[in-house]
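A.B. asks: Build me a model:
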Amino acid sequence: NKLKVSEINISEKFTYNINKHLDVVANLGYNSGVASRDIKKMAITSYNYAGTKINTKADGYKQEESSYEKTSSRTDFYSMAGYVDYHNTFAQHHNVSAMVGAQYELKEYDYFGVSVKDIQNSLETVNGAGLVNLTDKHGTKWHEAVMSYYSRLNYNYKSKYLLEVNMRYDGSSRFPTDNKFGFFPSVAVGWRLSEEQFFKEAESLSFIDNLKLKASYGILGNNNIGNYPYQSTYALGKAMNYVFGGVYTQGAAVTTYVDPTLKWEKTRTTDVGIETAFWNNKLTFNAAYFYRKTTDILYKPSASYSSIFGLGLSQVNTGSLENKGWEFEIGHQNKIGEFSYHVNGNFSIIKNKVISLGVGDVEQKSGMIGNGSDLFLGYPMNMFYGYKTDGVFLTDDEVKEWHDQSKIAPNSKAGDLRYVDISGD
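C.D. replies: Residues are numbered from 1 along each chain as shown. Purely as a prediction, here's the structure:
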């Protein structure tokens, strides 16, 4: 079993200063990785008790034949990015910076393998007089690409009033033509009260080094769904073969339903918070509240449709989810002589709730709406779900007086759990 891996990495950055306020930057990158594996299996020569060589096929013994398998894969990654960066200060106090750019990434993958049997062991190459096997698992080829346009604007007045605006327009090859691109903006504002004149003049507040209020809102996109999920493909194999005109014929079939209108999953986040520092920054404390809602979730609702449908389901945009909570961070730093130390801790309170499953909104026997396993409307994700209990049976007579629970707990006796019949059946 031999594995050979080689890799090439090239990256270059080019910067051109038009003037002291304006720069043009370009980044180019290329990565290539090649891996090959040779697996040789030798046949074992068998002898009987008399020392006579056994003829494997004639004597009916199942002896593994010699084989040689060779696989090869190659991955190429190309990236190109360029942006224009502007920064300037007006009237001594108005600080402005802006950036506009674009980025393109392409990843290509090619994998191939072949296996042969009855080989000549002395040859260090693919050879053999027996079966040559080229199966679907020995051939894979795909590519994916992302094209992005982005911009950012920053403004602050005396480092006291802060503003940042970001805009992204991302396109992914994983989505159909009409939905390849998604727009993802964000905005953040801040107010450093500790920089206000009235704050600096208040002696009772002199122990506060920094007091900043902040808020933000933004949209993020998700395209983690694999390649070509919106395209119908045909599956090959013995299960698809059929007899036509008395002849056994190779067949192909569509086995998965795909959504040709697939689009980006989006997460909208609102955040408000405070940042503080006290006693020459020896103590810091930050707190923030956030509300995050994800819509058009990319999900395979395999447990939410009937098997009568006859096809599997690929990813679809379905359902929504919310997360909200608090995040706290506290830190302390100091210097004692030549010894410096810094400790930091954080604490979070997070609640999540399933708002909708889309095609997965199926009413279960329990009366709950969900996929029947770990997703239910109004409840957290991946919640524990099971039968409701009401203590244990103290005597065998209690088992007889209790409703029939033999379908879920046969042969119940004293000491076993009592299950509540919430559906009345």
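
A.B. asks: Please point out which parts of stretch 149-162 sit buried.
C.D. replies: For stretch 149-162, burial by neighbour count (16 or more other C-beta atoms under 10 Å) applies to 150-154, 156, 160, 162. In this view, the C-beta of every residue, glycine as well, is placed from N, C-alpha and C.

A.B. asks: Quick check: buried residues in stretch 185-203?
C.D. replies: Those buried within stretch 185-203 under the rule 16+ other C-beta under 10 Å are 186, 188, 190, 192-195.

A.B. asks: Inside strands: which ones of the buried residues of stretch 149-162?
C.D. replies: 150-154, 156, 162 (DSSP state E).

A.B. asks: ok, these vs residue 348, which is closest?
C.D. replies: Of all these, residue 348 sits closest to residue 162, with 24.6 Å by C-beta to C-beta.

A.B. asks: Correct me if wrong: that closest one contacts residue 187.
C.D. replies: No. Counting by C-beta atoms under 8 Å, no contact exists between residue 162 and residue 187, whose distance comes to 11.3 Å.

A.B. asks: if we can go back for a sec, just the closest of the buried residues of stretch 149-162 to residue 108, please.
C.D. replies: Taking C-beta to C-beta as the measure, residue 150 is the one of the buried residues of stretch 149-162 closest to residue 108, at 24.0 Å.

A.B. asks: Any idea what that closest one is bridged to?
C.D. replies: residue 101, residue 168 (DSSP bridges).

A.B. asks: pretty sure it is touching residue 84, no?
C.D. replies: No. Using C-beta under 8 Å, residue 150 makes no contact with residue 84, being 11.5 Å away.

A.B. asks: Show me which of the ones in strands among the buried residues of stretch 149-162 is closest to residue 255.
C.D. replies: Using C-beta to C-beta, residue 150 comes nearest to residue 255 of those, at 39.0 Å.

A.B. asks: Report the contact partners of that closest one.
C.D. replies: Contact partners of residue 150, counting by C-beta atoms under 8 Å, 6 or more residues apart in numbering, are 83, 99-103, 166-169.

A.B. asks: out of the buried residues of stretch 185-203, who's nearest residue 206?
C.D. replies: Once C-beta to C-beta is applied, the member of those that ends up nearest residue 206 is residue 194, at 10.4 Å.

A.B. asks: How many neighbouring residues does the closest residue to that closest one other than its chain neighbours have?
C.D. replies: Nearest residue to residue 194, sequence neighbours excluded (C-beta to C-beta, 6 or more residues apart in numbering): residue 211, at 4.3 Å. For residue 211, the count of nearby residues is 18 (other C-beta atoms under 10 Å).

A.B. asks: Which residues does residue 211 form beta bridges with?
C.D. replies: Under DSSP bridges, the beta-bridge partners of residue 211 are residue 276.

A.B. asks: That one and residue 323: what is the separation?
C.D. replies: According to C-beta to C-beta, to the nearest Å, residue 211 stands 28 Å off from residue 323.

A.B. asks: and residue 46, how many neighbours does it have?
C.D. replies: Counted with other C-beta under 10 Å, residues neighbouring residue 46 total 12.

A.B. asks: er, residue 315 actually
C.D. replies: Neighbours around residue 315, by other C-beta under 10 Å: 20.

A.B. asks: residues contacting it?
C.D. replies: So residue 315 contacts 225-226, 229, 259, 262, 298-300 (C-beta under 8 Å, 6+ apart).

A.B. asks: Residue 331 is in contact with residue 282, correct?
C.D. replies: No. Counting by C-beta under 8 Å, residue 282 does not reach residue 331; the two are 9.3 Å apart.

A.B. asks: The two: which has the busier surroundings?
C.D. replies: Legend: neighbour count by other C-beta under 10 Å for residue 282 and residue 331, higher for residue 331 (16 against 13).
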